[in-house]
Every structure is written in C-alpha cells, then in structure tokens.
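return atomic coordinates for the entry below.
(chains A and B)
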Amino acid sequence: KNEVEQSPQNLTAQEGEFITINCSYSVGISALHWLQQHPGGGIVSLFMLSSGKKKHGRLIATINIQEKHSSLHITASHPRDSAVYICAVSTQYGNKLVFGAGTILRVKS
Amino acid sequence: NAGVMQNPRHLVRRRGQEARLRCSPMKGHSHVYWYRQLPEEGLKFMVYLQKENIIDESGMPKERFSAEFPKEGPSILRIQQVVRGDSAAYFCASSRQGKNTEAFFGQGTRLTVV
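Numbers count the residues shown, from 1 in each chain, chains lettered A, B, ... in the order given. All right, here's what the predicted structure looks like:
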C-alpha cells in the first residue's frame, strides 16, 4: 500500500462545477503539500499545510490530522484548471517529499 | 526574484553517454532536492543536498548516478552511461530551510535516451 493515496485518479468536470480531490496518508507527517502540474510543464506549489484550512482564490485546502486526510477543492472550475494535482507529504523523519500518484483533472467548457 | 532554474529543459543522449542536469536554487535557498518522474509514474525522491553536503541519498540508484551541490554554482545531477530506463523528467526543488518550509520546483529536465 502506498503511503499517500489520492482519489479519484481521473476526474472530468463541466466548467463551473465544484471539484474535490482527496488525499489519505498512512505515515506521520510534518506537513502536507498540494501541487499542480500542467502537461509537459513544471510543478507549482499550491498549498503547504499542517492543520486546518487554507484558501487562495478559488482553491481551498483542508486537512484533518486525526483522520490523516486532506482535500483540495476548486470552486467555479474553469478549463484552465485542467492539470494534474498531486498530494505530497513531508514525513516526521526527513525533509523529502513522498508523493501520491496524482489526479488528472479535465474541465470541459 | 528568479525561481528555481533548471537546464537544459530537454536533453537527448545516446545509450552509454553521460547526462548532466543543472539546478540553480532560488536566491537565499540552501536546500536542494532532486526528484524523478518516470513515464506514467508518480514523482519519487532521489537525493537531498545542502551546500557541499549530501544529506539523504536514499532514493538514488546505487550505480551511475551522483549528485553534488558545490559552494559556488548550481547543483548537478550526473548520470553516467545512460540507459533507456533513465528516460524521465527530473525535477529539482529548493527551500530556504529544511523541515516544514515550502519547496519551490523548477520546470524540470526531460531526458530522453535513444
């Protein structure tokens, strides 16, 4: 079993829909990261959080430490949100990131 | 304030040649991480370096791969005698401190071995 599991693997939405991507982890962490990767492109850090909730524009990230679960929400989705969204954790014992497999999001207009 | 700079963006090497991938961290960042993304697979940690020191190389293949982060200049990931299985995207990230600080990623180097 992977230390970081994401769901769904693939997600297709209509423009304007509310989107949720989930991440569960099985190790002790010091922080959880949400990343975005466009096809052939680089990786952009969206959020780093260790508790509670963060909001940036139309993106919201939440984390429940007790349940070892995080969600990334996108409100009023747009085709430009189409990308791979990756959940990653910094474990308690090191500085490296451990990644989920990613969620491929496609938003149709 | 330039971000993490990786070069080249694309690199083609014949089997048996050497590949050298460069990463210049963001200004003020002294921690560098290298990650590899194999085709159709997720990102995997390779190595974590601070200036002149390798801190964690638990993700590095035992042979042909090496990394350095000298006092002056960029971090280098070196792959000797490349094979087709080395074809992947290699990403570098940097952070100001170690734990619990945000890591900023470069655009990656796409290595193709022919």
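
just the pLDDT for the residue most central in space within chain B.
In chain B, the C-alpha closest to the average C-alpha coordinate belongs to residue B:34, at a distance of 3.7 Å (Cα atoms, centre = their mean). At residue B:34 the predicted local distance difference test score is 97.

please verify my assumption that it contacts residue B:78.
No: when contacts are counted by Cβ atoms under 8 Å, residue B:34 is not listed as touching residue B:78 (10.8 Å). Any C-beta I mention is one placed from the backbone N, CA and C, and that applies to glycine too.

what is in contact with those two at once?
Counting by Cβ atoms under 8 Å, 6 or more residues apart in numbering or on different chains, the shared contacts of residue B:34 and residue B:78 are residue B:67.

and residue 100, how many neighbours does it have?
Going with chain A. The local packing of residue A:100 (other Cβ atoms under 10 Å in any protein chain shown) involves 26 other residues.

that's the other chain; I wanted chain B
Neighbour tally, residue B:100, other Cβ under 10 Å: 12.

so what's it up against?
With contacts defined as Cβ under 8 Å, 6+ apart, the neighbours of residue B:100 are A:30-31, A:50, A:90.

what is the helix or strand containing the residue nearest to the centre of chain B packed up against?
When elements are assigned from DSSP states H and E, residue B:34 belongs to strand B:31-37. The criterion is 3 or more Cβ pairs under 8 Å, 6 or more residues apart in numbering or on different chains; DSSP states H and E, and the helices and strands that strand B:31-37 contacts are strand A:97-99, strand B:43-50, strand B:75-79, strand B:88-95.

could you pull out the buried residues of it?
B:31-37 (16 or more other Cβ atoms under 10 Å in any protein chain shown).

dump those residues to CSV, plus distance to residue A:8.
Converted to CSV, the buried residues of strand B:31-37 look like this (distance: Cβ to Cβ, whole Å):
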residue, distance to residue A:8
B:31, 33
B:32, 33
B:33, 28
B:34, 29
B:35, 23
B:36, 25
B:37, 20
